[in-house]
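> sharing a model prediction with you, sequence too.
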Amino acid sequence: MTAMPMQAFRDQLTGLTDINQAAADAAIARDAVLTKPAGALGQLETLAVWLSGWQGQHPPRYAKPQVIIFAGNHGVCDQGVSAFPQEVTAQMVANFKSGGAAINQLALAFGASFTVEALDLDNPTADFTAGPAMTESETAAALSAGWNAVDETSDILVVGEMGIGNTTVAAALSAALFGGGGADWAGPGTGVSSDGVKRKAQVIDAGLKRHKDNLADPLEILRCLGGREIAAMAGAILAARQKHVPVLLDGFVASAAAAVLYKASGRALDHCVAAHVSAEPGHRRLLDALDKEPLLSLGMRLGEGSGAALALAIIKAAVVTHNGMASFADAGVSGEKPA
Ligand SMILES: Cc1cc2ncn([C@H]3O[C@H](COP(=O)(O)O)[C@@H](O)[C@H]3O)c2cc1C
Ligand SMILES: O=C(O)c1cccnc1
């Protein structure tokens, strides 16, 4: 498939689809007559309404959940920012393809389709402390890969990533988008020591300094400090919006990709729910900046879309209760007493 030009993504961001309010209202109306006290299913109820509205249909569906993993390599790994060597990215892609990673098992458990897309792994992005990570055409190609990967017939989307070094990239993007320095956003990632985290912070600060004149525009921040798998996740999240597919946001790295869209338009993540809060310390701060409350907090810090894939269980629960429960009238259950 041909790459979309950068301007096409800017146009999509200024022409975002809206929630289908009629579908959301139909879900609210059905929820009100189900055999339970009002509100007793808590967030399962609001999730059913959210799904209906953003799928643009009532009843909401959980027939085709989709998981996509994007993989990319990062020149900034030359600065010694990860506990693992860069070849692990390609080795894990092979593991995803043969079904051996955590995300394979989670996608299987919750009935999701699974694809992995490796983005030019033999050609890492440039080290952002030395220059822009990507050219404009590389950025557009990666955004397009994400855009094209989203199946418009999916009912819900999980986007995840694999890319050694990408917690440094996510921290640099977060700092450029929301302010603060490396020390505010750097964390252990795959497990670097406290000295390693300090080193990551310095590398991020060097990147921020290098690109200080290019940090006004979110897509330019993505080009200068981002990476291919992160641009692809941003492209996929934006495509999902325009294709009426609600999205579960994964951890720190996936949320940093989403944050690029949020900075471009404050409405851009309304079709997204934060699935979990990662143990990577920057993630809580980033979710606060995005004004999102996570569904889960389980101490996970893997990436791969794993926290979002786990939250598919909650989405499925919201759909089966909403669609399958009896109403008070159908079940012959007496309603609440008048006050
Ligand atoms: C075996 C293995 C599997 C992974 N799956 C996801 N990640 C996660 O760790 C990486 C980011 O951490 P850092 O910035 O510290 O390199 C990403 O690839 C992310 O997806 C993994 C990392 C490893 C080592
Ligand atoms: O939260 C994440 O996305 C994350 C955390 C650690 C390593 N890789 C990804």
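Here it is on my side, so go on. Everything numeric here is computed off the predicted structure, so don't read it as measured data. Ligands and ions are numbered 1, 2, ... in the order given.
> report the beta-bridge partner residues of the most centrally placed residue in the chain.
Central residue of the chain (CA atoms, centre = their mean): Leu249, 3.4 Å from the mean position. Taking DSSP bridges, one finds Ala274 as the beta-bridge partners of Leu249.
> can you pull the buried residues of stretch 267-275?
Ala268, Leu269, Asp270, His271, Cys272, Val273, Ala274, Ala275 (16 or more other CB atoms under 10 Å). Using the backbone N, CA and C atoms, a C-beta is placed for each residue, glycine as well.
> and the stretch 101-250 of the chain, which of its residues are near ligand 1?
Residues of the stretch 101-250 of the chain lying close to ligand 1 (CB under 6 Å from any ligand atom) are Glu161, Met162, Gly163, Ile164, Gly165, Asn166, Thr167, Thr168, Gly189, Thr190.
> and the one residue in the chain that gets nearest to ligand 2, how many residues sit next to it?
Ligand 2 sits closest to Gly251 of the chain, with a gap of 2.4 Å, by CB to the nearest ligand atom. Per other CB atoms under 10 Å, the neighbour tally for Gly251 reads 31.
> what of Pro132?
Pro132 has 19 neighbours, counted by other CB under 10 Å.
> His322 contacts Lys36, doesn't it?
No: if you go by CB atoms under 8 Å, His322 and Lys36 don't touch, sitting 10.9 Å apart.
> and these two? Which one has more around it.
Counted by other CB under 10 Å, His322 and Lys36 do not tie: His322 has more neighbours, with 24 against 13.
> next SSE after the helix or strand containing Leu208?
Using DSSP states H and E, Leu208 sits within helix 194-210. Using DSSP H and E, the helix or strand that follows helix 194-210 in sequence is helix 218-225.
> how about the strands of the stretch 1-150 of the chain, start to end?
Secondary structure of the stretch 1-150 of the chain (DSSP state E, counting those that start in this stretch): strands located at 65-71, 113-118.
> now swap in the stretch 151-300 of the chain and tell me
Using DSSP E, counting those that start in this stretch, strands in the stretch 151-300 of the chain cover 156-162, 247-249, 272-274.
> report the distance from the last one to the chain centre.
Taking CA atoms, centre = their mean, to the nearest Å, one finds the center of strand 272-274 at 8 Å from the center of the full chain.
> can you tell if it touches ligand 2?
No: under the criterion of CB under 6 Å from any ligand atom, ligand 2 is not reached by strand 272-274; the shortest gap measures 11.4 Å.
> what does that strand contact?
47, 50, 237, 246-249, 255, 258, 287, 290, 292-295, 311 (CB atoms under 8 Å, 6 or more residues apart in numbering).
> and what of the second one?
Residues outside strand 247-249 that contact it (CB under 8 Å, 6+ apart): 156-159, 237, 240-241, 255, 258, 269, 271-275, 292, 308-309, 311-312, 315.
> apply 7 Å and report the result again.
If you take CB atoms under 7 Å, 6 or more residues apart in numbering as the criterion, strand 247-249 is touched by 156-158, 237, 240, 255, 258, 271-275, 308, 311-312.
> next: the longest one.
Counting by CB under 7 Å, 6+ apart, strand 156-162 makes contact with 62, 65-71, 89, 92-93, 103, 112, 150, 229-230, 233, 236-237, 240, 245-248, 250, 253-254, 303-306, 308-309, 312, 315, all of which sit outside it.
> still on that earlier bit, scan the residues of the stretch 101-250 of the chain next to ligand 1 and report the most crowded one.
Going by other CB under 10 Å, Asn166 tops those with 32 neighbours.
> leaving aside the residues next to it on the chain, what's closest to that residue?
In space, Asn166 comes closest to Val253 once its chain neighbours are excluded; the distance is 5.1 Å by CB to CB, 6 or more residues apart in numbering.
> would you mark the buried spots in the helix or strand harbouring Asp330?
Using DSSP H and E, Asp330 sits within helix 328-331. Neighbour counts using 16+ other CB under 10 Å place no residue of helix 328-331 among the buried ones.
> which residues of the stretch 101-250 of the chain lie near ligand 2?
Counting by CB under 6 Å from any ligand atom, the stretch 101-250 of the chain sits next to ligand 2 at Thr167, Gly189, Thr190, Asp250.
> now for the residues you listed, which pair is the farthest apart?
In those, two members sit farther apart than any others by CB to CB. They are Thr190 and Asp250, at 15.7 Å.
> from the contacts of strand 156-162, which ones fall inside helices?
Under the assignment DSSP state H, those contribute 89, 92-93, 103, 229-230, 233, 236-237, 240, 253-254, 306, 308-309, 312, 315 to helices.
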